[in-house]
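Peer 1: Fold the following, please.
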Amino acid sequence: IVRTSHAISSGNNNITLLGLEVDSNTVSIENTDPLDGQSLRITDYLILNGTLDLVGESQLLQDTNSLVDYTGIGNLQRDQQGTSNLYNYNYWSSPVSSNGFTFTVGGVLKDGTTPTNPQPITWIGTHNATGSTNPISLSNRWIYTYEDTAGADYFDWVYKGQNNAINVGLGFTMKGSGVGNPVTDLQNYVFVGKPNNGDVVIPIVPSYQALVGNPYPSAIDANQFIMDNSNSITGPLYFWEHSPTNNSHVLSEYEGGYATYSLSGGLAAVTAPSEIEGLGSTNKIPGQFVPIAQGFYVTSSAIGGDVIFNNGQRIFVKESTANSVFLRSNQQATNPPNSSATQIQRVRLDVRFPDNAIRPLLLAFTPNNIATDGIDFGYDAENTEDFPNDASFMIEDRKFVIQGVGQFDTSKKYPLGLFLSDSGTVEIELTALENFDSDIDVYIYDALYNVSTLINSQNLSTPLNAEAYTSRFFVTFEPTATLSNSNPILETIVVNYLEATDEIYIRLPQDVKIQKLHLINILGQGVQSWNQAALQAVNNEIRIPVKNISEGAYILKIETTLNRSINKKILIRF
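Peer 2: So this is what the prediction gives:
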């Protein structure tokens with residue numbers, strides 16, 4: 001147990017104490033490198049009547065059942081950097097508070113332009129901070145939480161400004177100071193207050209998202225957080241990233257998207273053009289460890305419950321390791337390792353659309369078949385966004401940006417859905433292979449033409465019509481010849497065009513039923529489709545009247561209840 005009564009600077013070793021009492025002095029936890037840091041671990045008791053300064057990347061850890069004595073009149077200080085862009089949000093969460101339960105942004109956040117001398121921020125009511133005051137000014141118009149607003153039955157954005165209380169564990173939004181270059185410069189802030197500690201509980205109702213955040217002055221392990229909340233959330237964490245080139249407050253013109261983390265790994269946000277300004281760059285990949293002050297979304301499970309943070313999730317991991325990534329504007333793209341899942345093998349893809357938007361996707365293979373080809377808690381991350389052009393892995397007819405499956409198996413194929421509002425060329429690129437002993441072959445299989453394209457060294461580029469493609473493209477690991485989607489019984493299906501009656505005639509083998517039919521022209525464009533309700537067989541025969549269709553050669557794609565499909569050529573003549 002240590003009690004300090006004069007200014008102290010720690011050395012280069014991590015420190016563990018049973019108890020710490022800081023009197024009217026400053027204890028600096030630092031390293032000889034001011035940008036580095038070290039950990040201070042308190043196993044039982046902490047009281048601050050002076051200042052505990054976590055310098056650089058230093059962090060405070062506290063064990064389960066440890067205490068912070070909130071009767072102390074001192075505080076903890078910890079820096080964090082956010083965007084300086086006037087138009088860009090960071091999603092924040094405070095590591096300190098007034099009493100361990102609530103805080104106000106104006107009460108805990110200081111101008112850290114000079115880290116050793118934090119100053120009060122000037123809060124203004126205009127849309128833009130001035131970018132020229134000393135201390136800095138910030139607009140209070142953009143400080144919101146996203147939380148329950150009507151007694152556990154409705155979640156919405158709630159305006160907080162700098163003076164309204166926010167519960168510890170909730171995230172909040174805030175835009176930049178306007179100081180320096182909005183693309184490359186960061187703004188340093190200092191959080192000042194009592195360190196948050198112990199269990200932090202945020203209620204969440206079914207079928208909603210909540211904006212929460214790391215409530216501690218240390219990193220937290222996202223994997224442990226996901227597992228601790230297996231009953232209340234669907235699993236993945238979603239991190240908002242504004243493009244550094246964004247320069248509008250208008251929602252429809254925002255450049256940005258949600259980076260994602262699941263037990264399968266991290267994934268960058270969509271690089272999406274706004275309606276006016278063009279391409280936005282979003283390229284940071286969240287790591288396994290959520291840094292200090294980082295806010296993020298979670299989605300509630302079907303039953304909802306409590307989102308729980310606890311000291312067992314806390315861990316000392318520095319952002320400089322790339323395992324802990326704060327989503328701010330000028331970081332470079334990273335490909336962080338996942339320390340507790342280094343055996344997970346990953347295939348990373350980028351899908352580029354006619355409007356130049358790029359959707360990253362992650363397919364992850366888990367050791368010992370921890371995950372399956374179906375929907376798995378924690379490993380799969382659903383696509384929660386709505387872009388005019390997008391791509392997703394299709395699992396049980398739902399869209400996912402991260403799919404975790406079992407051990408790597410070359411015989412498997414994984415449906416890749418493409419959803420296009422714009423006709424044009426779609427390009428699919430293999431961007432990375434992770435944790436494979438040797439490189440593997442990755443193909444995109446086009447079921448329409450029964451062709452596989454190897455994408456290890458050359459991207460697949462294909463012209464497509466504006467429509468949804470949910471069963472045409474697959475990620476595979478063997479060429480077409482060994483991936484035949486046919487079944488001998490399907491080869492006996494007879495297809496003809498009856499000129500006398502202008503009908504498509506289909507004769508089916510016994511016990512074969514059709515789920516869907518697609519008539520496709522020679523350009524690969526869908527002309528007409530029929531669902532099961534329109535395909536009533538009489539004596540195993542189906543007749544479909546043909547209207548308003550041009551003469552020519554077509555492909556009739558037949559999807560059956562055998563979980564197999566077959567393509568038949570047909571010539572329509574009048």
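Peer 1: got the buried residues for stretch 16-32?
Peer 2: By neighbour count, with 16 or more other CB atoms under 10 Å as the criterion, the buried positions of stretch 16-32 are 19, 20, 21, 22, 26, 27, 28, 29, 30, 31. In this view, the C-beta of every residue, glycine as well, is placed from N, C-alpha and C.
Peer 1: Where does the residue of the chain positioned farthest from its centre fall, secondary structure wise?
Peer 2: Ranking residues of the chain by C-alpha distance from their mean position (CA atoms, centre = their mean) puts residue 500 at the top, at 56.0 Å. Per DSSP states H and E: residue 500 is located in neither a helix nor a strand.
Peer 1: how much space between it and residue 573?
Peer 2: Distance of residue 500 to residue 573, computed by CB to CB, to the nearest Å: 11 Å.
Peer 1: which residues of the stretch 301-450 of the chain fall in strands?
Peer 2: Here the stretch 301-450 of the chain has its strands, by DSSP state E, counting those that start in this stretch, at 305-309, 314-315, 345-352, 358-365, 381-382, 390-395, 398-405, 413-419, 424-434, 443-446.
Peer 1: what would those look like in CSV with mean neighbour count, mean pLDDT and distance to residue 260?
Peer 2: Converted to CSV, those look like this (neighbours: other CB atoms under 10 Å; pLDDT from 0 to 100; distance: least, CB to CB, whole Å):
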stretch, mean neighbour count, mean pLDDT, distance to residue 260
strand 305-309, 18, 95, 17
strand 314-315, 24, 97, 21
strand 345-352, 20, 96, 13
strand 358-365, 24, 97, 8
strand 381-382, 24, 96, 5
strand 390-395, 23, 96, 12
strand 398-405, 24, 97, 6
strand 413-419, 21, 96, 17
strand 424-434, 16, 95, 15
strand 443-446, 21, 92, 22
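Peer 1: For residue 54, find the nearest of those.
Peer 2: strand 314-315 (13.4 Å; CB to CB).
Peer 1: in its sheet, what does that closest one sit against?
Peer 2: strand 219-221 (antiparallel) (DSSP bridges).
Peer 1: Check which element follows the partner strand along the chain.
Peer 2: helix 222-228.
Peer 1: Pull out the buried positions in that following helix.
Peer 2: Quick answer for helix 222-228 (16+ other CB under 10 Å): 222, 223, 224, 225, 226, 228.
Peer 1: neighbouring contacts of it?
Peer 2: 233, 235-237, 261-263, 286-290, 308-310, 312-313, 340-341, 378 (CB atoms under 8 Å, 6 or more residues apart in numbering).
Peer 1: Would you mind writing the CA trace of that helix as PDB?
Peer 2: In PDB, the C-alpha atoms belonging to helix 222-228 read as follows (Å, rounded to 0.1, in the frame of the first residue of the first chain):
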ATOM      1  CA  ALA A 222     -13.500  -6.800 -27.100                       C
ATOM      2  CA  ASN A 223     -13.600 -10.700 -27.100                       C
ATOM      3  CA  GLN A 224     -14.200 -10.800 -23.400                       C
ATOM      4  CA  PHE A 225     -16.800  -8.100 -23.700                       C
ATOM      5  CA  ILE A 226     -18.700 -10.000 -26.400                       C
ATOM      6  CA  MET A 227     -18.700 -13.200 -24.400                       C
ATOM      7  CA  ASP A 228     -19.700 -11.500 -21.200                       C
END
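Peer 1: for the record, mean pLDDT for that helix?
Peer 2: For helix 222-228, mean pLDDT is 97.
Peer 1: ok now whatever helix or strand comes next after it, how far from the chain's centre?
Peer 2: Next helix or strand after helix 222-228 toward the C-terminus (DSSP H and E): strand 237-242. Here strand 237-242 shows a centroid-to-chain-centroid distance of 6 Å under the convention CA atoms, centre = their mean, to the nearest Å.
Peer 1: Any chance you could give me strand 237-242 in CSV, C-alpha atoms only?
Peer 2: Coordinates of each C-alpha in strand 237-242 appear next as CSV, following Å, rounded to 0.1, in the frame of the first residue of the first chain:
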residue,chain,number,x,y,z
LEU,A,237,-19.2,-4.1,-32.3
TYR,A,238,-19.7,-1.3,-34.8
PHE,A,239,-17.3,1.7,-34.9
TRP,A,240,-18.3,4.9,-36.8
GLU,A,241,-15.5,6.3,-39.0
HIS,A,242,-15.9,9.6,-40.8
